[in-house]
Structures are given as structure tokens and as C-alpha cells.
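[1] generate a structure from the sequence data that follows.
(one chain, ligands or ions: 2)
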Amino acid sequence: MPALEPRPELLHDVTVTRRQDFGHGYFELYLECPALARAMQAGQFVNVRVRDGFSPLLRRPFSSFDLLADARGRATGISLLIHTVGTGTQLLSRLEAGARLNVNGPLGHGFELPADPEARIIMVGGGIGLAPFLHLARQWAPLKRELVLLAGARSQRDLAFMKRFGGLPLSTLVATEDGTAGVKGRVTVLLEAELAALKGKPAVIYTCGPNAMMAAVSQMAARFSLPCFASLESAMGCGFGVCNGCVARVKDASRPEGFRYAKTCVEGTVLDASTLLW
Ligand SMILES: Cc1cc2nc3c(=O)[nH]c(=O)nc-3n(C[C@H](O)[C@H](O)[C@H](O)COP(=O)(O)OP(=O)(O)OC[C@H]3O[C@@H](n4cnc5c(N)ncnc54)[C@H](O)[C@@H]3O)c2cc1C
Ligand code: FES
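    Ligands and ions are numbered 1, 2, ... in the order given. Sure thing, here's the model as predicted:
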């Protein structure tokens, strides 16, 4: 039975050191929090208390976007890439350097490195679902693995933050639905070409974005017999296993209905895509 309160050691009072705006409601919040940064793995998330008081009542979950370090490489904090969609994100979009926030994290399980050292690592992100892949690329860059990022969005204006991926050793390809950047079409167009070019070479796919996109990515991975892991961003309540607000259906042949409900905040957010009922 999970504890009904967040674990005290995972509650951090952090300081906002900077806010960078990318336009069209996208912004990055830099948070100073060395203890959290040392513990945080790419694909994990933090649940942020947006402000003191009862409104909004629930914390808001965000993936870590970047891992911040000082000149000597010591972890100093994390950043969050946020798209303004409602009250909580609007409040966060107004924070200035010096503001204090309480965050609960790291929560959930992050991305796991493929056991096969030859496996090409293919990250497929859609829109704000690209957020965990900067942290992932930074985390795995020193391992000298082949990293590919396929980035999809509606339009170029939804990708202004992509400049933050500059300088990392990864090949990036872009697709936009309106054709204003990269290839015109969905990100799965890029994935199909990437997987066809593998010609049997091992690869593992990691995906995060809208459910429909992840379902399509998962289907394509199955068609090419490749492993695929999806970071689910189901709406959440508590973030630590108490409220059942975040469940996803996972195949389970031992049950008459053929599936069970998994709490994505504790079993995920990264789950084997082939086990999910999309
Ligand atoms: C594990 C996890 C990681 C996330 N990482 C990021 C991130 O890195 N950057 C980012 O900008 N957002 C991320 N999100 C989504 C983010 O938590 C929501 O956008 C945010 O909570 C909305 O709060 P709000 O008060 O502004 O909007 P609300 O007023 O709560 O909602 C506004 C609108 O957004 C919709 N909405 C709220 N939450 C979600 C959701 N999870 N998925 C789809 N639609 C939603 C609501 O249905 C409503 O239509 C993540 C969510 C999860 C669960
Ligand atoms: S968000 Fe409460 S159980 Fe997952």
C-alpha cells in the first residue's frame, strides 16, 4: 500500500533562476536544485506545486527538459519545457528569476539504455513530447551511442525550442504537418524511412507525444520487429501511486478482460509500448 503523502525526501524547495520564452506559449524554466538534479534520470518527471493555496489544488507534472551543470560539470538543477495550456501553466509562465516553487520528484521510471551496445537509439517526439529527449540525449551522449531524434510538430512555430538541442551529438530530422519546417507530414513519415534504412541493424525506439502518435509509432515498431518504449503523459493527480488518476491499459492474458490497469506514475511513465492497449 503506497504512502498517502509524498515522500518527504522527494519534496524540494527550488529557486527559479531564469525563464526563457520561445513564443507561442512555449517557455523554459530553469530551476536551481542540485539534490534533485543529481537524482533525476531522463524520462522521469516532477510534480510542481504551482502556487501556495487551494487553486490550482493539484500539482502539475512535467518531464525534466535539461540537466543543468556548473562549469566543473556538477549538477546544479533541471529545466522544464512548458507549453501554456491552462491555469497552472499560465501561472508558471509568469514566474521570474528568484521565484520559489515546491516540486515533488524525481517520480516514475525513466528510459533504460538498450543492452545491445550496437543498437541505434531512435527518439521520436511530438510537440511538447520532445521535452524528455534533450535530457536523454545529454545523459547518453558520453556513451558514444548512435542517437537519432525524429521531431514532429504541427508547425515550425511549435519547434522554436529545438535550438536547445544544438551541440549534442545526435542526428535530428524534423517533420511538420504544415510543411513550414523539415519534411511535410507526420513524424511517422520520418520513422518509416529511418526503419527501412536500418536493413536489419538493431535499434530501439523511444517515443513521447500525443497518444495517437505513440500508438502509430508503436505499430510501426512492431511491423519492423523492434522494441519500443513509450513515455505516457496521462493526466495525473497525486503522481505517486495513490489516486488512480493516471491509469493505462496494459495487456494481461491472465485476466478475463485481457488487460489490467497500470498506474503510469509509478509503473511508468516509460512503458514497453507493445504491452499497452492504445
Ligand atoms: C508525466 C507527465 C509529463 C509531462 N511533461 C510535460 C512537459 O514536459 N511539458 C509540458 O508542457 N507539459 C507536460 N505535461 C502535461 C502537463 O502536465 C499539463 O499540460 C499541465 O498539467 C496542464 O496544467 P494547466 O493547469 O495549465 O492546464 P489544465 O487547466 O489542467 O488543463 C488545460 C487543458 O489541458 C489538458 N491537459 C491537462 N493535462 C494534460 C495531459 N497530461 N495531457 C494532455 N492534455 C492535458 C486538459 O484536459 C485541458 O484541456 C506532462 C504530463 C505528464 C503526466
Ligand atoms: S497520479 Fe495518482 S496514482 Fe498515478
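[2] the residue of the chain found nearest ligand 1: neighbour count?
    Closest contact between the chain and ligand 1, by C-beta to the nearest ligand atom, is at residue 86 (2.3 Å). For glycine as for every other residue, the C-beta is placed from the backbone atoms N, C-alpha and C. Under the neighbour criterion other C-beta atoms under 10 Å, residue 86 is assigned a count of 9.
[3] leaving out chain neighbours, which residue sits closest to residue 78?
    Distances taken as C-beta to C-beta, 6 or more residues apart in numbering put residue 64 closest to residue 78, at 4.4 Å, once the chain neighbours are dropped.
[4] what is the neighbour count of the one you found?
    Other residues within reach of residue 64, judged by other C-beta under 10 Å, total 30.
[5] kindly report the same for residue 52.
    In terms of burial, residue 52 registers 8 neighbours under the definition other C-beta under 10 Å.
[6] before we move on, what about residue 260?
    Other residues lying near residue 260 total 14 when counted by other C-beta under 10 Å.
[7] pretty sure it belongs to a strand, no?
    Yes - going by DSSP: H, G, I helix; E, B strand; the rest coil, the assignment for residue 260 places it inside a strand.
[8] can you tell if the helix or strand harbouring residue 214 touches ligand 1?
    Secondary structure from DSSP states H and E places residue 214 in helix 211-223. No - using C-beta under 6 Å from any ligand atom, helix 211-223 never reaches ligand 1; the gap is at least 8.6 Å.
[9] who does the helix or strand that comes right after that helix touch, helix- and strand-wise?
    Counting by DSSP H and E, the next helix or strand C-terminal to helix 211-223 is strand 228-231. Other elements packing on strand 228-231 under the criterion 3 or more C-beta pairs under 8 Å, 6 or more residues apart in numbering; DSSP states H and E are strand 203-208, helix 211-223, strand 270-272.
[10] show residues contacting the last one.
    Surrounding strand 270-272, the residues in contact under the criterion C-beta atoms under 8 Å, 6 or more residues apart in numbering are 43, 108-112, 206, 227-232, 248, 250, 262, 264.
[11] same check on the longest one?
    Helix 211-223 is contacted by residues 124, 126, 129, 152, 186-188, 191-192, 195, 205, 207-208, 227-228, 230, 232, 273-274, 276, 278 when judged by C-beta under 8 Å, 6+ apart.
[12] how about it, which residues are buried there?
    Buried positions in helix 211-223, judged by neighbour count with 16 or more other C-beta atoms under 10 Å: 211, 213, 214, 215, 216, 217, 218, 220, 221.
[13] and whichever strand or helix holds residue 31, what's its mean pLDDT?
    Here residue 31 is covered by strand 26-32, with elements defined by DSSP H and E. Summarised as a single mean, pLDDT over strand 26-32 is 98.
[14] does ligand 1 have contacts with it?
    No - using C-beta under 6 Å from any ligand atom as the criterion, no contacts between strand 26-32 and ligand 1 are found, and the smallest distance is 8.0 Å.
[15] and the longest strand along the chain with strand 26-32, angle?
    Using DSSP state E, we find that the single longest strand of the chain is strand 11-23. Here strand 11-23 points in a direction 150 degrees away from that of strand 26-32 (axes from the mean of the first three to the mean of the last three C-alpha atoms, to 10 degrees).
[16] can you offset everything so residue one is 58?
    Happy to do that; since the first residue is 58 now, the last one works out to strand 68-80.
[17] who does strand 68-80 pair up with?
    Next to strand 68-80 in the sheet, as set by DSSP bridges, lie strand 83-89 (antiparallel), strand 157-164 (antiparallel).
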